[in-house]
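Novice: With the input below, show me the fold.
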Amino acid sequence: MSSLNQDKDTVATSISHLAGYLFDQSRKESYIGIFPHARADADALGAALSLAIALQDLGAEVEVVADEKAAPSLEFLPGVETIVLYSEEVADRQFDLAIAVDLNTPDRLENREQLFLQASQHAIVDHHVRDEEDKDNELIYTGSSSTCELIFRLISALEALSSKKVFNDDIAVLLISGMMTDTGRFSYSNTTPRALRQVAWLLEEFKVDLAFLTHELFERTTVTQLQIRGDVLASMKLAAGGRILYASVPREMMNKRKATDDHLDYLSSDMREADGVDVSILLRESPDCTEIHGSVRSNSCLDAAEFAQLFGGGGHVRASGFTIEGMSLKEAETEVLAQAERMLEQCL
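Specialist: Below you'll find the predicted structure:
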């Protein structure tokens, strides 16, 4: 059954099956690699690190493998210092099991794709749309607010199987962080009652400073971040009669402020809040200027995930991302706006 056509009973069965498989792998002391998507956000890191803690507690040898260090805004997350960065030495490792979290196609792993594929066995935990049939040990449920919401259910099942307390303070912080960010502090339409119940239970049972998490994830800023956001906001333009608000960020603009990509976190979501705007689009050149990274946010009938898929990306109905190769920033802007206007016209 594809992620576009699921029911709750099927998902519960998938969770039970995957938990049993992971429990057996842990008891065998398997060597497990966990792979969050490139440029991992709080949901990807929260899911990867919390699952790593759980599987280690049950006996497995586990490594979370990433292409790059966690963004400065996420360095407070428990276990971030244990993340293994991809290198030529790491490329030769042979995992008994490789688990992709917060993505459902290996190409989003970028440099780590082959390392993931060469593992003896594979599993996926994700909540993004994929129009393919799920395979064995793939837990993909678009009705979940976040991957962390699914990991909570998976760890709960592991606790039941092991008759052992697996949840702890660190897992609570990681899961709440992922759920908070993917739901916009529980304000987005993807917020589920289950996620709210999970967070309430974690707050009741474990030591979690919610005010601290809110500050670190949403409020902490720097002068550089304020400056680059101001530059980008000042450069915004309207298209499609004001229905599209967009900005294109050349690397020169970022370099001038000595800014990094994480300084633009949540900016496309903020742009979407402007009155009269149906779609916001933020394009930026990669650090080496070989790619264009795009973020799209929708308030309207435009399906952001479907739109991102036009450029090889994906995500949610209201929030998605994509990467374009082989185009200049100006060429990408022209193509992206043309496709966005076309989709808006079709869904009036």
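
Novice: can you name the farthest residue from the center of this protein?
Specialist: Most distant from the centre of the chain: residue 241, at 31.7 Å, with distances by C-alpha atoms, centre = their mean.

Novice: What pLDDT is listed against it?
Specialist: In this model, residue 241 is scored at 93, pLDDT.

Novice: now the one 4 residues further on
Specialist: We note a pLDDT of 97 for residue 245 in this prediction.

Novice: So what does the nearest residue to residue 117 once chain neighbours are set aside look like in phi/psi?
Specialist: Nearest residue to residue 117, sequence neighbours excluded (C-beta to C-beta, 6 or more residues apart in numbering): residue 106, at 6.0 Å. Using the backbone N, CA and C atoms, a C-beta is placed for each residue, glycine as well. Main-chain torsions, residue 106, degrees, to the nearest 10: phi -60, psi -20.

Novice: roughly how far apart are residue 106 and residue 214?
Specialist: 34 Å (C-beta to C-beta, to the nearest Å).

Novice: Quick check on those two: which one has the bigger neighbour count.
Specialist: residue 106 (18 against 13; other C-beta atoms under 10 Å).

Novice: Wait, that one touches residue 118, no?
Specialist: No: using C-beta atoms under 8 Å, residue 106 makes no contact with residue 118, being 10.9 Å away.

Novice: ok, residue 45 to residue 311 distance?
Specialist: Between residue 45 and residue 311 the computed distance is 25 Å (C-beta to C-beta).

Novice: Of these two, which one has the most company?
Specialist: Legend: neighbour count by other C-beta under 10 Å for residue 45 and residue 311, higher for residue 45 (28 against 21).

Novice: and the more buried one, what helix or strand is that in?
Specialist: Per DSSP states H and E: residue 45 is located in helix 42-57.

Novice: Pull that helix out as PDB, backbone CA atoms only.
Specialist: In PDB, the C-alpha atoms belonging to helix 42-57 read as follows (Å, rounded to 0.1, in the frame of the first residue of the first chain):
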ATOM      1  CA  ALA A  42      15.100  18.800  14.200                       C
ATOM      2  CA  ASP A  43      12.600  16.100  13.100                       C
ATOM      3  CA  ALA A  44      15.300  14.200  11.200                       C
ATOM      4  CA  LEU A  45      17.900  14.500  13.900                       C
ATOM      5  CA  GLY A  46      15.400  13.900  16.700                       C
ATOM      6  CA  ALA A  47      14.100  10.800  15.000                       C
ATOM      7  CA  ALA A  48      17.600   9.400  14.200                       C
ATOM      8  CA  LEU A  49      19.100  10.100  17.600                       C
ATOM      9  CA  SER A  50      16.200   8.900  19.700                       C
ATOM     10  CA  LEU A  51      15.900   5.700  17.700                       C
ATOM     11  CA  ALA A  52      19.700   5.200  18.100                       C
ATOM     12  CA  ILE A  53      19.400   5.600  21.900                       C
ATOM     13  CA  ALA A  54      16.600   3.100  22.000                       C
ATOM     14  CA  LEU A  55      18.300   0.400  19.900                       C
ATOM     15  CA  GLN A  56      21.600   0.800  21.700                       C
ATOM     16  CA  ASP A  57      19.700   0.300  25.000                       C
END
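
Novice: Packing partners of it?
Specialist: Using 3 or more C-beta pairs under 8 Å, 6 or more residues apart in numbering; DSSP states H and E, the elements in contact with helix 42-57 are helix 8-27, strand 31-36, strand 61-66, strand 97-101, helix 147-162, helix 169-182.

Novice: Perfect, that will be all.
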